[in-house]
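Undergrad: got a sequence here, can you build the structure:
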Amino acid sequence: MIWWIVGGVAAALLVVMWFRTTGKEDRRTVSWWAGRNGYRYTAGTPELLAHLPGAPFDRGSSQELHDVLSGPIAGRPGLIVQFSWFRVGGGPDGLRSGICSAAVLELPAPVPELVVRKESGLGRDLLLESEEFNAAFRVDGAHDRFSYDVLNPRVMEWLLANQGFSLRLGGNTLAVWRDGPLDGAMRLGELRDFAATLFGMIPGFVHTAGYPATPSPRISEIDDLGPTPVGTLHLMQHLTHRGHEVERYEHPRKLWGITETAVSVKISVPTIWPVLMIAARRIASERGRQPRFDDGVTSGDPRFDAVYLCGTPRPDFALKVLTRDFTDLLLDRPATRSACVIFQSEPLTPEDDGVPETIKRGGIWVSAVGELRDQALADSITELACDLIEALPDDVLTYHVGAPVDVPPDGRWGNELPGYLVQPSHRV
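TA: So this is what the prediction gives:
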């Protein structure tokens with residue numbers, strides 16, 4: 001009978017398919033949560049797991065990383081990772097797979113190994129004075145005195161109240177994890193907070209008591225974090241400038257067929273805007289026509305139209321934006337000819353703003369090739385974004401994509417009339 005092989009393969013394929021079908025949007029959501037919470041987002045490398053010995057990273061015969069967030073946990077160097085694992089062997093239980101999310105932080109000094117996980121009823125483990133705790137958890141420790149010192153009554157009570165997590169101390173790291181895929185980026189915050197709280201509850205003397213321990217790689221010394229995927233955010237900064245709440249971030253982007261690292265500055269508005277992209281003709285002509293500018297909107301200012309191209313599915317919005325003050329501002333800044341200005345709206349999930357439902361919010365983005373460590377670049381496009389948002393007339397700031405608009409005389413948008421655009425698009 002090979003039913004167990006077929007079933008095991010199907011289970012493994014489901015894990016792979018789940019990440020392939022949901023991965024792109026989930027990665028974007030996770031990366032934005034990371035940026036807004038002080039973490040750098042990368043995809044990881046196969047070598048990274050070699051720096052993380054023991055549970056849960058020793059599961060299966062192979063693993064695949066999906067998300068890696070690097071940043072502080074309880075003030076210590078830390079990582080938050082999501083990975084899938086696969087095991088191949090003989091018998092009905094030989095082929096298995098699963099998904100795991102873990103938070104790891106660097107300890108002040110090496111400690112013996114201690115693993116606390118859900119009780120399985122298999123084999124012997126360390127017993128503590130709480131029968132309720134012994135029934136709920138399996139405890140495996142390399143040094144009994146260390147295990148008892150860590151699992152004091154206060155820690156046991158707290159673990160009993162949070163039974164969805166497992167933990168491991170060993171070498172230079174503390175790792176906590178939960179099984180199954182994330183059902184929202186906010187779960188990353190719960191994982192981080194669990195690790196931070198647990199670290200704070202562990203008596204400080206265990207790090208200096210001199211228990212026999214084998215050092216392991218320090219989180220602060222791990223370099224194999226991997227690249228940041230296109231469509232996700234690598235690093236974010238928050239600032240208030242000239243009365244505006246500004247988000248500026250570094251991310252890999254693919255624009256006009258070219259993949260490159262860019263810095264973007266965003267200022268949000270309390271309304272929903274359609275997409276309007278403005279870029280110098282030099283950039284668009286050098287890199288192709290995606291998004292399309294060949295049917296773009298003209299401003300009516302020959303000087304501006306000779307230098308810049310505008311693309312949008314809503315020309316009525318573009319004509320409100322492209323006032324003489326706005327176009328003069330761009331023309332007077334030669335540096336803007338290497339940047340893109342984008343008006344659009346984005347969905348905000350509970351991970352973004354803490355509101356239970358998903359909403360949409362408009363904003364203006366200024367994006368240019370470069371990195372956040374280029375302070376002059378970051379500051380210049382921040383100033384430009386503030387100048388542009390302040391140059392917008394009131395009817396743009398109150399414009400809503402769902403409001404009625406005047407249509408051309410023939411009742412539809414078309415290329416027959418100057419300034420109107422035909423562009424099949426899902427963008428709004």
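
Undergrad: now the phi/psi pair for L377, please.
TA: Main-chain torsions, L377, degrees, to the nearest 10: phi -60, psi -50.

Undergrad: need the nearest residue in space to it, chain neighbours excluded.
TA: G370 (4.5 Å; Cβ to Cβ, 6 or more residues apart in numbering). For the C-beta atoms, the positions are set from N, CA and C on the backbone; glycine is no exception.

Undergrad: pretty sure the one you found sits against E260.
TA: No. Assessed by Cβ atoms under 8 Å, G370 is found out of contact with E260, at 9.1 Å.

Undergrad: neighbour count for those two, which is higher?
TA: G370 (19 against 11; other Cβ atoms under 10 Å).

Undergrad: break the chain into its domains for me.
TA: The chain breaks down by automatic domain parsing into domains covering 3-220, 235-397.

Undergrad: between those domains, which one is nearest to A403?
TA: Proximity to A403 (Cβ to Cβ) singles out domain 235-397 among those, at 9.5 Å.

Undergrad: got the end-to-end distance for the closest one?
TA: 28 Å (Cα to Cα, to the nearest Å).

Undergrad: what's the neighbour count on E106?
TA: Using other Cβ under 10 Å, E106 has 21 neighbouring residues.

Undergrad: in contact with it, which residues?
TA: 76-78, 172-173, 218-220 (Cβ atoms under 8 Å, 6 or more residues apart in numbering).

Undergrad: check which helix or strand covers L126.
TA: L126 is part of no helix or strand when elements are defined by DSSP states H and E.

Undergrad: and it, how far from Y211?
TA: Distance from L126 to Y211, counting by Cβ to Cβ, to the nearest Å: 15 Å.

Undergrad: what would the domains of the chain look like in TSV with distance to A403 and mean pLDDT?
TA: Below are these laid out as TSV (distance: least, Cβ to Cβ, whole Å; pLDDT from 0 to 100):
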stretch	distance to A403	mean pLDDT
domain 3-220	28	83
domain 235-397	10	84
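
Undergrad: any chance of those in TSV, plus distance to P227?
TA: Below are the domains of the chain laid out as TSV (distance: least, Cβ to Cβ, whole Å):
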stretch	distance to P227
domain 3-220	6
domain 235-397	7
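
Undergrad: wait, which of those is closest to P229?
TA: domain 3-220 (5.2 Å).

Undergrad: all helices for the protein, in order.
TA: For the chain, the helices defined by DSSP state H cover 3-36, 131-136, 144-150, 153-160, 186-201, 281-287, 302-307, 315-321, 324-331, 350-353, 375-391, 394-397.

Undergrad: just name the most buried of these.
TA: helix 315-321 (a mean of 21; mean count of other Cβ atoms under 10 Å).

Undergrad: contacts only, for the residue nearest to A280 when sequence neighbours are not counted.
TA: Excluding its sequence neighbours, the residue lying closest to A280 (Cβ to Cβ, 6+ apart) is R337, at 3.9 Å. Contacts for R337 (Cβ under 8 Å, 6+ apart) come out as 280, 282-283, 307.

Undergrad: quick check: the farthest pair among those residues?
TA: I283 and V307 (10.8 Å).

Undergrad: if I look at the nearest residue to F133 once chain neighbours are set aside, how far off is D125?
TA: Nearest non-adjacent residue to F133, counting by Cβ to Cβ, 6+ apart: M156, 4.7 Å away. Counting by Cβ to Cβ, the gap from M156 to D125 is 14 Å.

Undergrad: ok, the longest strand anywhere in the chain: who's next to it in the sheet?
TA: Criterion DSSP state E: the longest strand present in the chain is strand 96-118. Sheet pairing here is set by DSSP bridges, and for strand 96-118 it gives strand 76-87 (antiparallel), strand 137-141 (antiparallel), strand 166-179 (antiparallel).

Undergrad: wait, which of the ones you listed is closest to D325?
TA: strand 76-87 (45.4 Å).

Undergrad: now the closest one, how far from the chain's geometric center?
TA: Its chain's C-alpha centre and that of strand 76-87 lie 15 Å apart, by Cα atoms, centre = their mean, to the nearest Å.

Undergrad: what's the closest of the strands paired with strand 96-118 to R27?
TA: Nearest to R27 among those is strand 76-87 (9.7 Å), distances taken as Cβ to Cβ.

Undergrad: and the angle for that closest one with helix 186-201?
TA: 120 degrees (axes from the mean of the first three to the mean of the last three Cα atoms, to 10 degrees).
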